[in-house]
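Engineer: following is a predicted model, sequence given first.
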Amino acid sequence: MKAWENNIRKVTPYTPGEQPQKAGIIKLNTNENPYPPSPRLAQLLKEMNSKDLRLYPNPAASSLVDALAAYHGLNADQVFVGVGSDDVLALAFLTFFHSSKPILFPDITYSFYDVWADLFQIPYETPALQEDFSILPEDYYRENGGVIFPNPNAPTGIAMGLNAIRNILDHNQDVVVIVDEAYVDFGAESALALIDQYENLLVVRTFSKSRSLAGLRIGYAMGNPLLIKYLSDVKFSFNSYTMNQPSLYLGSRAIEDEAYFQETLRKIVNTREWAKRELRELGFEFTDSKANFIFVRHPSHPAKELFQALRQAGIYVRHFDRERISDYLRITIGSQEEMETLIRFLKNNLSS
Ligand SMILES: *Cc1c(COP(=O)(O)O)cnc(C)c1O
C-alpha cells in the first residue's frame, strides 16, 4: 500500500442487484415494479420545459414536500425528501445515530444498514432474527444509540404489527427509531399513525417499489417537525440541491393518480398470492411475505443451482451468499405473465 493510502477512508460498498442491459430477460432481482408508472406521467414528461433547467431547483423541494404532506394529511414541516430512500436513510444515519452506544438492527435485513454504519463509524449490534425469521421486539429493549428496521423486513418480507412496533417505541424513548417502509404499500400496517404520539419516530418511504418510479429517485421521511429540522440541517450541510427539477415536477404530480396506484398494487398482491400457491405445490418453503417479493428455499434444490439455472434461462432473481440465508432466493413479484413463465420453468427444471 502507498503511504498516502493510509490516510484514506476505506469502505466495503453496498452491492446493488444487477441491472442487465440485455433485452428480453425477466427481471425479478431488484424489487422494481413490473408495471409502468401512471400514463399521466408520459404526458407531463412531454410538457416539461428545458428552460426550467437553467436555474437551481428549489432547495426546500417545496412542491414535492407539499404534495406529500397533503397526500398523507400532514404539515409540510413533518416531511423530508431525498434522492431515493437510500439518500434519506443515509442522511438519517448521519443525523440521528451519533451516540457512542451501538445502534440496533436485525442480523438479516436491508444490507445497506451496516454499510452506512461502517461509513459513518457508528457502532452497531445486530440481534438475530428468530428461527422463523421474525423480529423479536424484546431484542430491542436494551440500551442503544438508535434503532432501525424495515417493515416488512427485507429480504424476508415478514411484516410486524403495530403493537409490536409500539412496544419497541415504548422501550426506546431516548433514541431515534426509524421504520423503513419501502414495501409497506404491499400489505403491512404503517407506523405513520404513530408519529404524533412518538416524537422520536421517523417513517421512511420510497417511490421506487410501489410507485413504479425507481428511475426517478425519490424517497421521503415523515416525523415530528424537530426530527425533520435536524435532518434538513444535515442535508443543507452536505448538498443544498439534492432533488433535481424533473424529479420535483414529476414526483409531485405522480401521487395524483391514486386509482392507477391502487390498481397496480392489487395486481401485484394477487400475483404474489398466486405465486405462493404455485411455489408451495412445487415444494418450496417460504415466509409469509407482505412485500413485492417472496423469499424461498427448496429442500432438495440448492439456491445457488436454481439461481444459475434461472439466469441461464434469462430469469434474474437475487441470491445472497450470506450466513443463514444462502439457501434462499429472493424473487421479486413480476407481472402475472412473467411469474407464469417463472413457474413453468421451475416445474420443468425441478422434475428433470
Ligand atoms: C429498495 C429499498 C430501499 C431504497 O430504495 P430507494 O430506491 O433508494 O428509494 C430502502 N430500504 C429498503 C428496505 C429497500 O428494500
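Structural biologist: Good, I have the coordinates. Values in this document were obtained by computation on a predicted structure and should not be read as measured data.
Engineer: drop to CA atoms for contacts and neighbour counts, all remaining ones
Structural biologist: Will do.
Engineer: up against the ligand, what does the stretch 151-300 of the chain have?
Structural biologist: A154, D180, A182, T206, S208, A214, I218, G219 (CA under 6 Å from any ligand atom).
Engineer: just flag the most distant two among the residues you listed.
Structural biologist: Farthest pair in those (CA to CA) is A154 and I218. Separation: 19.2 Å.
Engineer: any idea which residue sits dead centre in this structure?
Structural biologist: Closest to where the C-alpha atoms of the chain average out (CA atoms, centre = their mean) is A182, at 3.5 Å.
Engineer: my guess is it contacts R211, does it?
Structural biologist: No - between A182 and R211 there is no contact, the gap being 10.5 Å when judged by CA atoms under 8 Å.
Engineer: can you tell me the SS state at the residue lying closest to the residue nearest to the centre of the chain once chain neighbours are set aside?
Structural biologist: In this structure, A182 finds its nearest non-sequential neighbour in R205, 5.1 Å apart by CA to CA, 6 or more residues apart in numbering. For R205, the assignment made with DSSP: H, G, I helix; E, B strand; the rest coil gives strand.
Engineer: what sits against R205?
Structural biologist: S85, D180, E181, A182, G219, Y220, A221 (CA atoms under 8 Å, 6 or more residues apart in numbering).
Engineer: export the residues you listed to JSON lines and tack on pLDDT?
Structural biologist: Output for those, formatted as JSON lines (pLDDT from 0 to 100):
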{"residue": "S85", "pLDDT": "98"}
{"residue": "D180", "pLDDT": "98"}
{"residue": "E181", "pLDDT": "98"}
{"residue": "A182", "pLDDT": "98"}
{"residue": "G219", "pLDDT": "98"}
{"residue": "Y220", "pLDDT": "98"}
{"residue": "A221", "pLDDT": "98"}
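Engineer: mind checking which of these are in strands?
Structural biologist: Mapping those onto strands (DSSP state E) picks out D180, G219, Y220, A221.
Engineer: wouldn't the first one be in contact with V147 here?
Structural biologist: No - look at D180 against V147 with CA under 8 Å: they stay out of range, at 10.8 Å.
Engineer: next helix or strand past the longest helix along the chain?
Structural biologist: Assignment by DSSP state H gives helix 258-281 as the longest helix of the chain. Helices and strands here follow DSSP states H and E; after helix 258-281, the next one along the chain is strand 285-286.
Engineer: just checking, what packs against that following strand?
Structural biologist: strand 293-297 (3 or more CA pairs under 8 Å, 6 or more residues apart in numbering; DSSP states H and E).
Engineer: isn't K304 up against H319?
Structural biologist: Yes - counting by CA under 8 Å, H319 is a contact partner of K304 at 7.2 Å.
Engineer: joint contacts of these two?
Structural biologist: Residues touching both K304 and H319 (CA under 8 Å, 6+ apart) are S326.
Engineer: neighbour count: those two, which is higher?
Structural biologist: H319 (21 against 17; other CA atoms under 10 Å).
Engineer: identify the bridge partners of the nearest residue to that one once chain neighbours are set aside.
Structural biologist: Counting by CA to CA, 6+ apart, the nearest residue to H319 once its immediate chain neighbours are dropped is L329, at 5.0 Å. Here L329 sits in beta bridges with V296, H319, as judged by DSSP bridges.
Engineer: list the contacts of L329.
Structural biologist: With CA under 8 Å, 6+ apart, L329 has these contacts: F295, V296, R297, A303, F307, V317, R318, H319, F320.
Engineer: let's see 10 Å
Structural biologist: L329 is in contact with 29, 155-156, 286, 293-298, 302-304, 306-307, 317-321, counting by CA atoms under 10 Å, 6 or more residues apart in numbering.
Engineer: how about F80?
Structural biologist: 60-62, 64-65, 68-69, 88, 204, 219-223, 225, 227-229, 231-232, 235.
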